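Q: below: sequence and its predicted model.
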Amino acid sequence: MSKPFSLEGRIAAVSLLAAVVGTSIPFALLQFGIDTRLAWAAGLLLALVIILFLLRFVTVPLTRTLSALEGGLLNFRDGDFSVSLTTKRSDQLGQLTRLYNEVGEILRRERAHIYQRELLLDTVIQSSPQALLLVDQADHIIYANSSARHLLNCGKPIQGLTLERILPNCPQGLADAITAQQDGLFSYSDGDSTRSLHIGNSTFVLNAQKHRLIVIREMTRELTRAEVQVWKKVIRLISHELNNSLAPISSMAHSGKLLIQQPDKAAALEKVFDVIAERCQHLTEFTQGYARFAKLPAPSCETVQWHQLIDRIAPLHQFTLRGDLPSRPGYFDPVQIEQALLNLFKNAAEAGSDREHTELQISADNSGQELVVRDRGCGMSEKVLQQALLPFYSTKPQGVGLGLALCREIVDAHGGQIQLQNRPDGGLQISLWLPWPKLID
C-alpha cells in the first residue's frame, strides 16, 4: 500500500500544478496572436482559480478534523472522556484522530480506576471507628465520616456546616478540645460515665487553601483493656515482691526457732530478727504507695482562698505563677488538690523542666475552675500520651506509675476533667478542670 501524501506535499503539488497552468496558458494564447499582457493576465487568473479550487479539497478535511478535535478537547476540559472520533483516513489527520481516541481511552480507564480507589477509600474511612473531620480555613466541614456524624450530630449529616454551628450540640469537654486545635488526651463527662478521647490535628494546603484534618479516637475501651493488662501486671509484681520477702522471712523464722534453743547463739538470733525486720520494712514501703491509691477517700470540699493554696505549695516545690488569681475563691478538697499539683510539679522536674519554665495558671468562670500546669520538659510521645493516665503505667525505671493516675482519680472524684497535651515548642500542659458545687452530681 502506497504511503499517502502529507499535507505539505499536497499543498506543494497544488501550487506546482497552478504554476504549470499559469505559465502554459499564456504561451498557448500567444500562438493565437493575443496580446502578451492579456495572455499572461488570463493565465494568472486561471491559475488562481485552479489553486483555490484544488486547495478546497486539502483544507476542508483539515478544517473538519480540527473542528472535531476542538469539540473533543472541550469535552476533555469539562471532564467528559466518552466522546470518540471516527475516521477512515490514513494520512496525518487520520493518525491525529486515532491518537486522540487512544488518549480518550486512557483517560477513561484512569478515571474508572481512580473512582474505584476513591470508592474503596471512602468505604474504609466510613467504616473506621475513628471520627474524621476535614475543615477548610473558614471552619466549614468539607468531609466527615460516619463516626464523626454520630459523635457530633447524632448521625445527621454535617457536611457544609461550620464547627461553630455543631459544637454547641456536643458535650462541653469535647467541644473545648476540638476548639483548642491541639493534640492530646481529653476526658469529658457523658451522662453517668467519663469518656476519654485522643484528638489529633494536622494542617495541609489543598487547592491553595489551608485545611485541617481532625482525627478523634475513642480511647475509653482501649484504656479499659489496657487497665486490665496493667492490673494483671501489678498482681504479678505484688506476688513477686511478696514471694521475695516471705520466703526469706519463713526461712529466717525457722532458723530462729532452732537458734532459740541454743543459749550461746544470741548474736546469730539477733541477726535473724534484723533480716526479718528489714524485709518487713521493705514490704511496708512497697505497699504504702498502692494503698494510698486504692484508699483515696471521697473529697471533702470546702471554700479555699487561692493565695492560701499557693502559700502552702510554694515551700514544697518551686514553680512560677502566671497570671492573676481569680477573685472568686475555689471550692475543692485542698489536701487532694495540693497532692495532685505536687505530683505534676514533681513530674515536670523529672522531665527536665526548671523553675522558670514550670508554670501554674489558675482561672475561673461561671462553669468551673481550672488549674493548668505547664513545663518545658521532654514531653510525651503519642504512645505514652495515650496511656499516661493508666494506673501503674510508667516509663521511668524506678517509677510506680501512680502520679498521673492519682491526679486523674482526684479530678474524677471532684466531678471534673483532666486533659494532657504536648506544647508546640516542647513540654507538656496538664489542665485540671473542677466544676462549681451546683454542677457536681
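A: Sure thing, it's come through.

Q: which helix in the chain runs the most residues?
A: Identified as the longest helix of the chain according to DSSP state H is helix 36-77.

Q: tell me the phi and psi of the closest residue to Gln181 other than its chain neighbours?
A: Take Gln181 and drop its neighbours on the chain: the residue closest to it by C-beta to C-beta, 6 or more residues apart in numbering is Asn201, 5.5 Å away. C-beta: built from backbone N, CA, C; applies to glycine. The phi and psi values for Asn201, taken as degrees, to the nearest 10, are phi -120, psi 140.

Q: Asn201 bridge partners, please.
A: Asn201 has these beta-bridge partners by DSSP bridges: Ile214.

Q: give the contact list for it.
A: Asn201 is in contact with 181-183, 212-215, counting by C-beta atoms under 8 Å, 6 or more residues apart in numbering.

Q: distance check, Ala348 against Ser431.
A: Separation of Ala348 from Ser431 (C-beta to C-beta, to the nearest Å): 14 Å.

Q: the more surrounded of the two?
A: More neighbours surround Ala348 than the other of Ala348 and Ser431, with 25 against 22 (other C-beta atoms under 10 Å).

Q: what's the local residue count around the nearest residue to the more buried one once chain neighbours are set aside?
A: Of all residues not flanking Ala348 in the chain, Asp375 sits nearest, at 3.7 Å (C-beta to C-beta, 6+ apart). For Asp375, the count of nearby residues is 26 (other C-beta under 10 Å).

Q: now the one 4 residues further on
A: As a burial measure, the neighbour count of Gly379 was computed by other C-beta under 10 Å and equals 19.

Q: what do you get for Leu167?
A: Look at Leu167: counted by other C-beta under 10 Å, it has 17 neighbours.

Q: any chance you could map the strands in the stretch 201-350 of the chain?
A: For the stretch 201-350 of the chain, strands defined by DSSP state E, counting those that start in this stretch occupy the ranges 209-218, 302-304, 320-322, 330-332.

Q: confirm Ile418 sits in a helix?
A: No: using DSSP: H, G, I helix; E, B strand; the rest coil, the assignment for Ile418 is strand, not a helix.

Q: how far out from the middle of the chain is the longest helix of the chain?
A: Taking C-alpha atoms, centre = their mean, to the nearest Å, the mean C-alpha location of helix 36-77 is offset from the chain mean by 63 Å.

Q: that helix - contacts with which helices or strands?
A: Secondary structure elements in contact with helix 36-77, counted by 3 or more C-beta pairs under 8 Å, 6 or more residues apart in numbering; DSSP states H and E, are helix 7-30, helix 92-126.

Q: what's the following helix or strand after the last one?
A: It refers to helix 92-126. strand 131-135 (DSSP states H and E).

Q: list the buried residues of the following helix or strand past that following strand.
A: The first helix or strand that comes after strand 131-135 along the chain, using DSSP H and E, is strand 141-144. The neighbour-count check on strand 141-144 (16 or more other C-beta atoms under 10 Å) flags 141, 144 as buried.

Q: residue ranges with poor pLDDT in the stretch 101-250 of the chain?
A: 188-194, 219-250 (pLDDT under 70).

Q: isn't there a helix covering Leu197?
A: No: counting by three-state DSSP, Leu197 falls outside a helix, being strand.

Q: that one contacts Leu185, doesn't it?
A: Yes: between Leu197 and Leu185 there is a contact under C-beta atoms under 8 Å: 7.4 Å.

Q: which of these two has more neighbours?
A: Comparing Leu197 with Leu185 by other C-beta under 10 Å, the one with more neighbours is Leu185, at 24 against 21.

Q: my guess is that one contacts His198. True?
A: Yes: between Leu185 and His198 there is a contact under C-beta under 8 Å: 5.3 Å.

Q: quick check, nearest of the contacts of Asn201 to Leu66?
A: Checking these against Leu66 with C-beta to C-beta, the nearest one is Leu213 at 45.9 Å.

Q: residues near the residue lying closest to the closest one once chain neighbours are set aside, how many?
A: Nearest residue to Leu213, sequence neighbours excluded (C-beta to C-beta, 6+ apart): Ser202, at 4.9 Å. Neighbour count of Ser202, defined by other C-beta under 10 Å: 10.

Q: hang on, the earlier thing: please identify the deepest-packed of the strands of the stretch 201-350 of the chain.
A: Mean neighbour count, computed with mean count of other C-beta atoms under 10 Å, is highest for strand 330-332 among the strands of the stretch 201-350 of the chain, reaching a mean of 23.

Q: which strands or helices does it pack on?
A: Judged by 3+ C-beta pairs under 8 Å, 6+ apart, strand 330-332 is in contact with strand 302-304, strand 368-374, strand 428-435.

Q: and these: which comes nearest Asn153?
A: Per C-beta to C-beta, nearest to Asn153 of the helices and strands packed on strand 330-332: strand 428-435, 24.4 Å.

Q: which helices and strands does the closest one pack with?
A: Counting by 3+ C-beta pairs under 8 Å, 6+ apart, strand 428-435 packs on strand 330-332, helix 334-350, strand 368-374, helix 403-413, strand 417-422.

Q: so which of the ones you listed is nearest Ser84?
A: From the helices and strands packed on strand 428-435, taking C-beta to C-beta, the stretch that ends up closest is strand 417-422, at 56.6 Å.
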